[in-house]
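Engineer: For reference, the sequence and a predicted model appear below.
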Amino acid sequence: MTESIRLPAAALKPSTVALPGSKSISNRTLLLAALSDNTCEIHSLLKSDDTDRMLEALQALGVKLEFLSDGRLKVHGCGGRFPNQSADLFLGNAGTAFRPLTAVLAVLGGDYHLHGVPRMHERPIGDLVDALRIAGADVRYLGNENYPPLQINRRADNGVRTIPIKGNVSSQFLTALLMALPLTGEAFTIEMVGELISKPYIDITLKLMAQFGVNVENRGYRVFNIPAGARYHAPENVYVEGDASSASYFLAAGLLSGQPVRVTGIGRNSIQGDVAFAHELEKIGAAVVWGDNFIEVSRPAGQAVLPFDLDANHIPDAAMTLAVVALATGAPCSLRNIGSWRVKETDRIAAMAAELRKVGATVVEEPEAIRITPPAALTPNAEIDTYDDHRMAMCFSLVSLLGVPVVINDPKCTHKTFPTYFDVFASLRK
């Protein structure tokens, strides 16, 4: 029988939440540190299933890691070449580990087997593999064409220095290519084919690469130029920002409850695109206060939560939270340009539609959009299935702030990015 947690209908007290480290920044930072030509200390690294898979992979590749007190981690960089030229890597369902490691190992070459959980073997990787093959990589599919598991062999440099890549399925493919190609020491040009989604995640990649000594020219998100002679050199200390996607649940709680909820670990200068979620809350009735290391959301007395029709391509993960916020608006709401939801931890458009209907909403599911009409009254004690997707569990916890209890099945799926989520959420209650 599936484990579940029942969340009572709850009012909140004014609260502050210290965010866990960003998953996107944590796994990128780990890989860049491992590829650097020196040693660095990482502070506030996220402790989760996804980062555990990256750490295990780096250790299997021969990278020396020292776990210090206070959660600090010392990474001894391997100078752009992993000591172990052969490895079997199990990467769970961690896209932020699987895609960049695929590119890095394909560019370096060796004898590597990359695989994950069954859902990871349903998440497409063909666009990345096509680009890597143009660069001379030898990557083979061990199951279905265009999907993991993968076998990576030696790369033959064929002299090609301009690599086209599609960006309409996942921005992680471009991120992976950007992080990997500097390891060749050659100048490369990456050209986008078609639309690039989730551009803020590319900004994270480029800013972190610059922090590690490699500056990429970004020409309007259409062309990216990687300089010759690039090498990764780590800062002595790296501080991981709090996770802006995880912040969305607490910021939304401030809007829904009307009580001020402050998250710390991110602020007005965050490099994560998902901080834009707070701007979207502002448009629908939230009062937002921005600090250097915090964001606080509340709702003025008498202010309703307003309906919305949003192109959410810039905040695909945080936009899931808005799908539940829609229930508080009393009017039809739309989230558009979210086709990437289809290839995440689950098909998030289908999953969100199915579970919103359980609480009474009328939902129209489109190929790249979801349209939600709240019910006159929410269904109490709805049993929400979570599809082994951490964000489904965290999003639907917010239903408990709308006057009805809710049951969340498989709450431990939050271990992917936020193992203590339900404890922290409970601490906000009056």
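Structural biologist: Cool, got the structure. Residues are numbered from 1 along each chain as shown.

Engineer: Helix, strand or coil: sort out the closest residue to residue 351 other than its chain neighbours for me.
Structural biologist: Distances taken as C-beta to C-beta, 6 or more residues apart in numbering place residue 387 nearest to residue 351, at 4.9 Å, with adjacent residues excluded. Glycine gets a C-beta too; all of them are placed from N, C-alpha and C. The local conformation at residue 387, judged by DSSP: H, G, I helix; E, B strand; the rest coil, is coil.

Engineer: contacting residues around residue 387?
Structural biologist: By C-beta atoms under 8 Å, 6 or more residues apart in numbering, residue 387 lies in contact with 345, 346, 351.

Engineer: Can you report how many residues lie near the last one?
Structural biologist: The reference is to residue 351. 21 (other C-beta atoms under 10 Å).

Engineer: So it is in contact with residue 392, correct?
Structural biologist: Yes. The criterion here is C-beta atoms under 8 Å, and residue 351 meets it with residue 392 at 5.9 Å.

Engineer: who touches both of those two?
Structural biologist: Joint contacts of residue 351 and residue 392 (C-beta under 8 Å, 6+ apart) are residue 385.

Engineer: where does this structure have low pLDDT?
Structural biologist: Along the chain, the parts satisfying pLDDT under 70 run over 1.

Engineer: The residue of it positioned farthest from its centre: what secondary structure?
Structural biologist: In the chain, residue 302 marks the outermost C-alpha relative to the chain mean, sitting 34.7 Å out by C-alpha atoms, centre = their mean. Following three-state DSSP, residue 302 is assigned to coil.

Engineer: I'd like the distance between it and residue 401.
Structural biologist: 18 Å (C-beta to C-beta, to the nearest Å).

Engineer: same question, residue 72
Structural biologist: 35 Å.

Engineer: So for those two, which sits in the more crowded spot?
Structural biologist: More neighbours surround residue 401 than the other of residue 72 and residue 401, with 28 against 14 (other C-beta under 10 Å).

Engineer: ok, now which ones touch the nearest residue to that one once chain neighbours are set aside?
Structural biologist: Nearest residue to residue 401, sequence neighbours excluded (C-beta to C-beta, 6+ apart): residue 256, at 4.5 Å. Residues near residue 256 by C-beta under 8 Å, 6+ apart: 299, 305, 325, 328, 398, 401, 402.

Engineer: Tabulate those in JSON lines, adding columns for distance to residue 226 and secondary structure.
Structural biologist: Converted to JSON lines, the contacts of residue 256 look like this (distance: C-beta to C-beta, whole Å; DSSP: H, G, I helix; E, B strand; the rest coil):
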{"residue": "299", "distance to residue 226": "46", "secondary structure": "coil"}
{"residue": "305", "distance to residue 226": "45", "secondary structure": "coil"}
{"residue": "325", "distance to residue 226": "40", "secondary structure": "helix"}
{"residue": "328", "distance to residue 226": "46", "secondary structure": "helix"}
{"residue": "398", "distance to residue 226": "42", "secondary structure": "helix"}
{"residue": "401", "distance to residue 226": "46", "secondary structure": "helix"}
{"residue": "402", "distance to residue 226": "48", "secondary structure": "helix"}
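
Engineer: which among those gets closest to residue 270?
Structural biologist: residue 325 (20.8 Å; C-beta to C-beta).

Engineer: Around the spatially closest residue to the closest one that is not a sequence neighbour, how many other residues sit close by?
Structural biologist: Distances taken as C-beta to C-beta, 6+ apart place residue 252 nearest to residue 325, at 5.4 Å, with adjacent residues excluded. Residues lying near residue 252 (other C-beta under 10 Å) number 27.

Engineer: Would you agree residue 252 falls within a helix?
Structural biologist: Yes. The assignment for residue 252 by three-state DSSP puts it in a helix.

Engineer: Now do the same contact list for it.
Structural biologist: 281, 297, 321, 322, 324, 325, 398.

Engineer: Verify the stated contact: the last one with residue 322.
Structural biologist: Read it as residue 398. No. Counting by C-beta under 8 Å, residue 398 stays clear of residue 322, with 10.3 Å between them.

Engineer: quick one: the strands in the stretch 201-350 of the chain?
Structural biologist: Along the stretch 201-350 of the chain, counting by DSSP state E, counting those that start in this stretch, strands occupy 217-219, 223-226, 237-239, 261-264, 287-290, 294-298, 309-311, 333-336.
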